[in-house]
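Asker: Return a 3D structure for these sequence lines:
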Amino acid sequence: CLATLIIMLVGDTYTLINYVSFINYLCYGVTIIGLIVLRWKKPKIFRPIKVNLLIPMTYLAFWAFLLIFSLYSEPVVCGVGLIIILTGVPVFFLGVYWRNKPKCVNRLIESWTCWGQKLCFVVYPQCGGAEEE
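Answerer: Numbering: from 1, shown residues only. Next up, the predicted model:
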């Protein structure tokens, strides 16, 4: 989010759209790869919708072509898109991977989560203990 704000202040909106669209297509392809891997490694788990593997394989072929073409035609935009994705790595390590955090760090993360939930109206906030209904 911080990287996006900086890019919006420095660059124009169309460049930001190019960065984000590359990130979206990269994530879509990785998701489809995950679907195929799960179909092979865990074939017995429940799936409410099951499609023929030819459909995701065809999608991946077109996806790979478009991704390689994007990397060839606009390497700077793709590189900045990858940098934007990589800004989430420290957040992952601080928020998820680091298990034995001090209580002050847990409280800080909890307050940021609560603030974000209230700001975006995404989840009923569970902040500050039990609230009366």
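Asker: And the residue nearest the centre of this protein?
Answerer: Among the residues of the chain, the one closest to the centroid is residue 27, at 7.0 Å (CA atoms, centre = their mean).
Asker: following the helix or strand hosting that residue, which helix or strand comes up?
Answerer: For residue 27, the element it lies in under DSSP states H and E is helix 13-41. Using DSSP H and E, the helix or strand that follows helix 13-41 towards the C-terminus is helix 54-73.
Asker: That following helix vs helix 13-41, what angle?
Answerer: Orientation of helix 54-73 against helix 13-41 (axes from the mean of the first three to the mean of the last three CA atoms, to 10 degrees) gives an angle of 140 degrees.
Asker: what kind of secondary structure is residue 6 in?
Answerer: Judged by DSSP: H, G, I helix; E, B strand; the rest coil, the three-state class of residue 6 is helix.
Asker: where's the residue nearest to the centre of the chain relative to residue 82, distance?
Answerer: Computed with CB to CB, to the nearest Å, the distance linking residue 27 and residue 82 is 12 Å. Every C-beta, even on glycine, is put in place using the N, C-alpha and C of the backbone.
Asker: Repeat that for residue 39.
Answerer: 27 Å.
Asker: Could you do residue 12 as well?
Answerer: Per CB to CB, residue 12 is found 20 Å from residue 82.
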